[in-house]
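Q: Structure for the following, please:
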Amino acid sequence: MRESLGRAIELKEFKLGGNTPTLGPIRTSRRDHGTHESLDVNVHLEYDCDARVAFSVGLLSVGIERVYFKGDLCLSLDPLVDEIPLVGGVQVTLASLPDITWSFSGLANLADVPGISSVVQAAVERAIRETLLLPNCVYIPLRREEVHPHIEWAYPKPSALLQLSVHQVRGLPRVRSPLVELSLGSKLVSTTKGKFKEEGHHLWQPPFSSDFFVYTHNQPVVV
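A: Predicted coordinates for the structure are as follows:
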């Protein structure tokens, strides 16, 4: 496969390999939004892809030999309707940041250097957070209607407001001013620096608090 992606970038090879993804467990739940109902399908997905992707950037050849993905894919059939195809559209989101790793080949092995690797990982996580973590989603309409019928469903509405507070942390190693990161959906916040009280014990006075919108009960809180 050879396809031009621009003046400087050229895709030389693209193969997904023969491995198949592992699906499950699968959980479903029905939601009543007042004006309509929807069906949420939460699928745990694990995919060890023996891909082969090769492209060139000017004189530099870059390759990706393997991609590993593990995470929870959320499909919301929204809205449910009384006519074929019975579903107005599908929202596609991720409940939390997935575990993604990859292996480079060629000169791209430079990305395996710890400093560069962390920059690449951070860029990938930021892109996922801004596009697929709730309330961000991809909406696929399945019905044809006249005037912007899918605006409401393309932007999920929160079902609850959750306040998280950090009061104290125990058992930390020798860290004088620790920070705690709190994440729910696409929102990520860092606390102020904790006050050192004694070995392995830090306090926040007053407690650090932040509010998070909750869109589905499948969303985990990550600390």
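Q: how far away is the nearest residue to Leu80 once chain neighbours are set aside from Leu164?
A: Setting aside the residues directly before and after it, Leu80 is nearest to Glu37 in space (CB to CB, 6 or more residues apart in numbering), at 4.8 Å. From N, CA and C alone the C-beta is placed, and that goes for glycine too. Distance check for Glu37 against Leu164: by CB to CB, to the nearest Å, it reads 30 Å.
Q: Who has more neighbours out of the two?
A: Neighbour totals were compared for Glu37 and Leu164, and Leu164 leads with 18 against 14 (other CB atoms under 10 Å).
Q: Regarding the more buried one, which helix or strand does it belong to?
A: Applying DSSP states H and E as the criterion places Leu164 in strand 160-170.
Q: Same check on Arg126?
A: Under the criterion of DSSP H and E, Arg126 resides in helix 114-131.
Q: after that helix, next one along is what?
A: Read in the C-terminal direction, the helix or strand following helix 114-131 is strand 138-141, with elements assigned using DSSP H and E.
Q: In contact with the nearest residue to Lys187 once chain neighbours are set aside, which residues?
A: Nearest in space to Lys187, with sequence neighbours left out and distances taken as CB to CB, 6+ apart, is Phe212 at 5.7 Å. With contacts defined as CB atoms under 8 Å, 6 or more residues apart in numbering, the neighbours of Phe212 are Leu161, Leu162, Gln163, Leu164, Leu182, Leu184, Gly185, Lys187, Val221.
Q: these two touch, right, the fourth one and Pro207?
A: Right, the one you point to is Leu164. No - the pair Leu164 and Pro207 does not pass the contact test of CB atoms under 8 Å, sitting 10.0 Å apart.
Q: List the neighbouring strands of the helix or strand containing Phe14 plus their orientation.
A: Element membership of Phe14, judged by DSSP H and E, is strand 9-15. In the sheet, strand 9-15 lines up against strand 3-4 (antiparallel), strand 52-57 (antiparallel) (DSSP bridges).
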